[in-house]
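1. quick one: sequence and predicted model below, then my questions.
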Amino acid sequence: DPATGDLKAVTVTPGNETDILVHDAHSASPTTAFALSRLADPDTLHRTPIGIFRSTRRPVYDTQMADQLEAAVEQYGKGDLTSLLSGNDTWTVVG
């Protein structure tokens, strides 16, 4: 519906063919996928859409963290926790 942005199931005719939504599950925007997930009116739509509404590739936190740790080890070396804890590098907090 161009006026509201709501989706509804219709019979395709030559008159409305240009208004038909073609869904792209790989779209960066989740808007259409969300609208499709809400398309379940029991009075007019007797079947509920199922399937993959949105499929995107994004970085995973664990992978990014592991990459960051690996880069730090490459740049600064593995490090030594014992020398860090018993070392002379200290500071004083003044309140």
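-> Cool, got the structure.
2. ends of stretch 52-72, what's the gap?
-> End-to-end distance for stretch 52-72: 38 Å, by C-alpha to C-alpha, to the nearest Å.
3. so where do the helices sit in the chain?
-> Counting by DSSP state H, the chain has helices at residues 31-37, 61-76, 81-86.
4. what lies in contact with the shortest one?
-> With C-beta atoms under 8 Å, 6 or more residues apart in numbering as the test, helix 81-86 has no contacts from any other residue. Heads up, the C-betas are built off the backbone N, CA and C, glycines and all.
5. let me know the average pLDDT across that helix.
-> In this model, helix 81-86 has a mean pLDDT of 85.
6. only C-alpha atoms, please: export it in CSV.
-> Taking C-alpha atoms only, helix 81-86 is exported to CSV below (Å, rounded to 0.1, in the frame of the first residue of the first chain):
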residue,chain,number,x,y,z
LEU,A,81,51.8,-11.9,33.0
THR,A,82,54.2,-12.6,35.9
SER,A,83,56.6,-9.8,34.9
LEU,A,84,53.6,-7.4,34.4
LEU,A,85,52.3,-8.1,37.9
SER,A,86,55.7,-8.0,39.7
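7. in that helix, what counts as buried?
-> The neighbour-count check on helix 81-86 (16 or more other C-beta atoms under 10 Å) flags nothing as buried.
8. when you give positions from now on, start the count at 18
-> Shifting the count to begin at 18 puts that one at helix 98-103.
9. pick the most buried one from the helices of the chain.
-> Ranked by average neighbour count under the criterion mean count of other C-beta atoms under 10 Å, the helices of the chain are headed by helix 48-54 at a mean of 15.
10. and the helices of the chain: which comes nearest Asp36?
-> Among the helices of the chain, the nearest to Asp36 by C-beta to C-beta is helix 48-54 (14.2 Å).
11. now that closest one: average pLDDT?
-> Mean pLDDT, helix 48-54: 84.
12. now do that helix: distance to the chain's middle.
-> On the basis of C-alpha atoms, centre = their mean, to the nearest Å, helix 48-54 sits 14 Å off its chain's mean C-alpha point.
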